[in-house]
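[1] have a look; sequence and predicted model below, questions after that.
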Amino acid sequence: MLPNDPRGKAGLRRDFLRARLGLGAEREALGARAQQALIDHPVFREARSVMVYLAFRGEVPTTLVVRACLEDGKLVSAPVTFPKEGRLVPLRLEGRPGELREGAYGITEPDPSVCRPVPPSELDLVVMPGVAFDERGGRIGYGGGYYDRFLRFEAAQAVRAALAYEVQISAEPLPLDPFDVRMDFIFTPERILRGVGRRGETAGVQAR
């Protein structure tokens, strides 16, 4: 349910983050179910190059997704954040020791000194984090706009999928801005939501 939100996105982020962190001990099992729903779906099976986030602050993990990519021979990458440039750069993961480090904002990311970049134009599927989602694929992130810019201008061809817990799904439409990207799919432990994707976006509006 959409919380009472007199302050807009900031209030929504606060309330949905609190709900996610409040899941406690059941979070691990729920996260595994959401990941398995993605792994079993044709959008994942048919993808050859997949970019995933690495979980932070109680997000649905992506450990099982990364493992499935490696076992299936898919090219799997994760983003490195460059705050000064406002950019994400995908770097390849190969399951080797020492290929991860702590990056910007305390988020685990690939180490650029040992991991190779992946051209965004070659990505088939981008698996995204988020704070809150609605049933039409609307997404509220953390406010930096990194994924919005990346998906509009660098990886526009990629299918957009999100992993989320049910407590992150708003029954009411989220208050989105024109530059906010919409999801094609949202995978939760309970269901798969089909979003409107690019069809729900305002053409020609640049992300901040």
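    Thanks, I have it. A quick note: this is a predicted structure, and the numbers were derived from the prediction, not measured.
[2] just give the nearest non-adjacent residue to the residue nearest in space to the middle of the chain, would you?
    What sits nearest the mean C-alpha location of the chain, by Cα atoms, centre = their mean, is Met128, with 1.0 Å. Closest residue to Met128 apart from its sequence neighbours, by Cβ to Cβ, 6 or more residues apart in numbering: Ala162 at 4.9 Å. (C-beta placed from N, C-alpha, C; glycine too.)
[3] now the element after the helix or strand encompassing that neighbour, going C-ward?
    If you go by DSSP states H and E, Ala162 is part of strand 159-163. Note on strand 159-163: by DSSP H and E, the next helix or strand toward the C-terminus is strand 169-170.
[4] chain center to that next one, what's the gap?
    15 Å (Cα atoms, centre = their mean, to the nearest Å).
[5] make residue 1 into 57 and carry on from there
    In the new numbering, first residue 57, that becomes strand 225-226.
[6] other SSEs contacting the following helix or strand past that strand?
    The C-terminal neighbour of strand 225-226 among helices and strands, as given by DSSP H and E, is strand 241-243. Counting contacts by 3 or more Cβ pairs under 8 Å, 6 or more residues apart in numbering; DSSP states H and E, strand 241-243 packs against helix 83-95, strand 215-219, strand 248-250.
[7] counting contacts, what elements does the last one pack onto?
    Based on contacts counted as 3+ Cβ pairs under 8 Å, 6+ apart, the elements that strand 248-250 packs against are strand 241-243.
[8] that older thread, export the helices and strands packed on strand 241-243 to TSV and tack on distance to Arg143, mean pLDDT and mean neighbour count?
    Output for the helices and strands packed on strand 241-243, formatted as TSV (distance: least, Cβ to Cβ, whole Å; pLDDT from 0 to 100; neighbours: other Cβ atoms under 10 Å):
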stretch	distance to Arg143	mean pLDDT	mean neighbour count
helix 83-95	25	97	18
strand 215-219	18	98	24
strand 248-250	28	97	15
